[in-house]
Structure formats: structure tokens, C-alpha cells
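Student: Build the 3D model from these lines:
(one chain, ligands or ions: 2)
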Amino acid sequence: MSMDTSALRAMVEDVVDRARVTDMHTHLFAPEFGSLLLCGADELLTFHYLISESFRVHRMPYSDFWRLSKAEQSAQIWRSLFVENSPLSEAASGVISVARRLGCDPAALSLQSLREALPSRPTPEYVQRVLDAAGVDEIVMTNDPFDPAERACWTDTFRYDPRFYAALRLDAMMNRLEQVCPLLRADGYEVDPQLGGKSVPELKRFLEAWIERTQPVYVAFSVADDFVYPDGGIRGRILDEVVLPVCREHKLALALMVGARRQVNPQLQLAGDSVANASVRPLEALCVNHPDNRFLVTMLSRENQHEIVVAARKFHNLMVFGCWWFVNTDSLVEEITRMRLELLGPTFIAQHSDARVLEQLIYKWDRVRSVLKRVLADKYERLAQDGWCVTRADVERDVDRLVRTNFWDFVRW
Ligand code: HDL
Ligand code: ZN
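Tutor: Ligands and ions are numbered 1, 2, ... in the order given. Just a heads-up that it's a prediction; the model follows:
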């Protein structure tokens, strides 16, 4: 006996609401990393998305803004985006959602009441409260072996919250080798920018040391639209001679985050990056030339979304994931998720939050769930109308794949 449409849609929505999530790409850190885990009202308001949006209103000289304290920056952003304007953007409206879900009265919200409601240091109880509110069970961090603040944490005896997992981020090695060679040599690795001498085995030794130290669930790097493959240059050689073989030996997936054009406005600092439409051809070449490697891929440009989904149809060692950064907005997440379901079925990773501040998990996952409810209810409704028996167990399995098990099955091959 099939359910009627409204009962079916209500069941799908309930399954999505209750689904537990693995957030497979964030910039959060386990509490044991200390001040690297950001939380509280001022961190939420000085999220770099809101910094760049606020400049469109206050138009302060960049140096004047950067001279402000974090609390003063936060107050300026509050005035610009929440007082002088309605918080209509994805990131600004997210602050209101977080405030509501953490017990504030949005109708009477002030910077003061937000600061009172959100602590600036995360107690274990608060971390649990936020994870429960977001329905997130596992969080994958972004771990940069070249970041001085983070390197200091990774001592031999370092242990951290088992709900957090490491992902080794190699942007500096892949894109700025010359810049990080001094640090590699200071660490005892004989690497030169032209990859002469023992550079290749030494880079392998470096990578394996950090794999041993961090036990990552995957290795990652981002590129702009300049990514080519095959590539006889430095990055291509590091890929072919170091990263791909080490990932194979350690059974680690490689995440390629494509289309991030860095620092188009350096005056905005972390907020100064932009987007570039990139070619999918290098990704296809990687998949076809390295069938024993697995590639997690996300692309930043809206225009790349269709072709990367088609590429995922061609290569089962390519797992498309998330709606990244500038395509992580209600309308684009819905457009992309519908397209992926229609071309891949439930065989992709629906979303990652990219959260930088703990409380962002709440609004970012609320938004994903609301999209998944709409999209999946439509798809199951059509199946039911064609006479397919849609059971709650099947919907639970499919949703679990989209927000959790497709990731773990892919990285734990
Ligand atoms: O490169 C990345 O992982 C991006 O997510 C950047 O960190 C970006 O600044 C960001 O936070 N996007 O959400
Ligand atoms: Zn990110």
C-alpha cells in the first residue's frame, strides 16, 4: 500500500531532518587545537564572507578597517549588514538562523544579546550542543602542515576529539613550492624549488611523515583555472612522482578543489579570493591515467557544475562533493543537487559546510537539509506516482549515502 503524496513528502522531510551527517570539509578544529577552533558572536560576524560584504556598505579605507580590533570590526559589520541593511545574504541571514537556533529572540536581536548568547570559548558542552543542533556526527578539518600555528599542535603525544578527522592540505607544496622550500629545508628535507637532487624522495618523505603524524582521511589541494594535466612542470611532477604514488600506497583519496583564484583583491586578505571557470579535461586525464587513485572533486564555478557531474558519470574513481563557497547558496545548492541526482542518482556527496566558525554548522546544515527535503521529496514523489514502492528504509539509506556513507565508502576503500 503506497503512501499518499503528502504522507510521502512528510516522511522524506522527517528522514532528512533526522539524518546524521559527516561534514567532510571544514576549517574547524577539534577543541584540543585551542584558539584555532573559532566560535562566538565576534568570530561569526567577522567571517570573511561578511567582511567583504560589509565593505560594499561602509567603504572604509582597507587599512582603517584592518586596524580595528575584532570587536570593533564586528560592530562595524553589524551596523553595515544588520542595521543599515537587512541581513539578506546567505552568510548574514545565517547569523540570524544561528541566533534563533541557540535561543536568542531574533525580533529583539542586538550585537550585545548575540555576544551574550554565544560564548567566545567553546566548552565541551557547547561543542556538543552545536553538533547536536546541526545533526553533525563527524567533522573533517583542513590541516596545513606549513601553518606555524597548527604545526605547534602536532606533537607526538597530541590527541584530540575522535569526532574530528584530519585532512592534509597541500596547497603550499603544490602551488608555492619555492615559498615553502626554506621551511622544508629547516625541517631537514633536502628539497629545492626546481626539484633537483633528492627533492622528489625528500618530498615523499615529508608527505609520509605528515600522513603518519596526522592520519588524514584524505589529502587535498586547491587550484585556480591554471591547472593542467599531464603537466611537465613542477606541480605536475610533484603530482606524478610524489602525491599520486603516496596516495596509492597509503590508500588515500586526493581531493581536488578547482577554480579558486586566490587574492584577486589582496586588500581583503582572506576575503580576497575569487572564482575562475576551469577546465575539466585535466581531471578526466587524472582519472583515466590513474585508475588506482581516487579523486574527490569540487569546483567553485557555477558554470563547471554540469560538466563535472558528466565527468563523474564517466569515471567511478571521481567522487563529486559539495557545493563549495560561492555556490553554497540556497538557489545554487538546489540547482546543483537536482542536476546531480538527475545525472548520478544518490551516488555523490551532497554537501560540506566549509564552516570556519563552530556555530556556522547550524545554519549551513539547516540550509542543506531544507534543499534536500524539497529535491528528494520531488524525486520520490515521481517514483511513487510511477508505482515504485518508496519505503522509509530506502529513503533513510539514500539520504545516509548522500550526507555520510558515500564519503566514508569512497575514502575507506
Ligand atoms: O580553499 C578552501 O578550502 C576554501 O574553502 C577557502 O578556505 C575559502 O576561504 C572558504 O572559507 N570558503 O568557504
Ligand atoms: Zn574550504
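
Student: and the stretch 301-413 of the chain, which residues reach ligand 1?
Tutor: Residues of the stretch 301-413 of the chain lying close to ligand 1 by Cβ under 6 Å from any ligand atom are 325, 354, 356. Yep, even glycine has a C-beta here, placed from its N, CA and C like the rest.

Student: Residue of the stretch 101-250 of the chain nearest ligand 1, please.
Tutor: The minimum distance from the stretch 101-250 of the chain to ligand 1, using Cβ to the nearest ligand atom, falls at residue 222 (4.6 Å).

Student: Now do that residue against residue 176, distance only.
Tutor: For residue 222, the distance to residue 176 (Cβ to Cβ, to the nearest Å) stands at 12 Å.

Student: next one: residue 296
Tutor: Going from residue 296 to residue 176 by Cβ to Cβ gives 22 Å.

Student: what residues does stretch 339-348 touch?
Tutor: Outside stretch 339-348, the residues within contact range by Cβ atoms under 8 Å, 6 or more residues apart in numbering are 305-306, 309-310, 312-313, 319-321, 350, 375-376, 379, 398-399, 401-402, 406.

Student: same deal with stretch 44-57?
Tutor: Stretch 44-57 is contacted from outside by 62, 65, 70, 73-74, 76-78, 80-81, 84-85, 89-92, 95, 98, 111, 114, 118, 268-272, 356-357, 359-360, using Cβ under 8 Å, 6+ apart.

Student: Equivalent analysis for stretch 283-294, please.
Tutor: Outside stretch 283-294, the residues that touch it by Cβ under 8 Å, 6+ apart are 229-230, 244, 247-248, 253-254, 256, 258, 295, 297, 308, 311, 314-315, 317-319, 410-411, 413.

Student: among the residues you listed, which ones are buried?
Tutor: Buried subset of those (neighbour count, 16 or more other Cβ atoms under 10 Å): 229, 244, 247, 253-254, 256, 258, 295, 297, 308, 311, 315, 317-319, 410-411.

Student: Give me the local confidence score for residue 3.
Tutor: On pLDDT, residue 3 comes in at 79.

Student: Repeat that for the one 3 residues further on.
Tutor: Residue 6 carries a pLDDT value of 97.

Student: starting at the chain centroid, how far to the longest helix seen in the chain?
Tutor: Secondary structure of the chain per DSSP state H: the longest helix is helix 360-385. In terms of Cα atoms, centre = their mean, to the nearest Å, the gap separating the centre of helix 360-385 from the centre of its chain is 19 Å.

Student: Turn the residues of the stretch 301-413 of the chain next to ligand 1 into JSON lines, columns for distance to residue 216.
Tutor: Shown next, in JSON lines, are those (distance: Cβ to Cβ, whole Å):
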{"residue": "325", "distance to residue 216": "21"}
{"residue": "354", "distance to residue 216": "17"}
{"residue": "356", "distance to residue 216": "19"}
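
Student: returning to that earlier point: the contacts of stretch 283-294 in helices, which ones?
Tutor: Per DSSP H, the contacts of stretch 283-294 map to helices at 244, 247-248, 308, 311, 314, 410-411.

Student: on that earlier part again, among the residues of the stretch 301-413 of the chain next to ligand 1, who's most crowded?
Tutor: Greatest neighbour count in those, by other Cβ atoms under 10 Å, goes to residue 354: 20 neighbours.

Student: who touches it in this structure?
Tutor: The neighbourhood of residue 354, defined by Cβ under 8 Å, 6+ apart, consists of 25-27, 322, 324-325, 328, 364.

Student: Now, these that are in strands?
Tutor: Within the contacts of residue 354, no residue falls in strands by DSSP state E.

Student: near ligand 1, which residues of the stretch 151-300 of the chain?
Tutor: Near ligand 1, when you scan the stretch 151-300 of the chain using Cβ under 6 Å from any ligand atom, you find 222, 257, 260, 270, 273.

Student: Could you work out the most separated pair of those residues?
Tutor: Among those, the pair separated by the greatest distance (Cβ to Cβ) is 257 and 270, at 15.6 Å.

Student: Between the two, which is the more surrounded one?
Tutor: Legend: neighbour count by other Cβ under 10 Å for residue 257 and residue 270, higher for residue 257 (21 against 12).

Student: Please report the distance of that one from residue 223.
Tutor: Here the criterion is Cβ to Cβ. By it, residue 257 lies 7 Å from residue 223.

Student: now swap in residue 174 and tell me
Tutor: For residue 174, the distance to residue 223 equals 7 Å [Cβ to Cβ].

Student: One more: residue 355?
Tutor: Computed with Cβ to Cβ, the distance linking residue 355 and residue 223 is 22 Å.

Student: What pLDDT does the model give the nearest residue to residue 5 once chain neighbours are set aside?
Tutor: Of all residues not flanking residue 5 in the chain, residue 381 sits nearest, at 5.7 Å (Cβ to Cβ, 6 or more residues apart in numbering). pLDDT, the model's per-residue confidence, is 98 for residue 381.

Student: Tell me how many other residues surround residue 381.
Tutor: The local packing of residue 381 (other Cβ under 10 Å) involves 17 other residues.

Student: In this structure it contacts residue 7, no?
Tutor: No. In this structure residue 381 lies outside contact range of residue 7 using Cβ atoms under 8 Å: 10.8 Å.

Student: Give the residues shared as contacts by these two.
Tutor: What both residue 381 and residue 7 touch, as defined by Cβ under 8 Å, 6+ apart, is an empty set.

Student: Distance of the residue nearest to residue 268 when sequence neighbours are not counted relative to ligand 1?
Tutor: With Cβ to Cβ, 6+ apart as the criterion, residue 268 has its nearest non-adjacent residue at 5.5 Å, and that residue is residue 52. Note on residue 52: its distance to ligand 1, by Cβ to the nearest ligand atom, to the nearest Å, is 10 Å.
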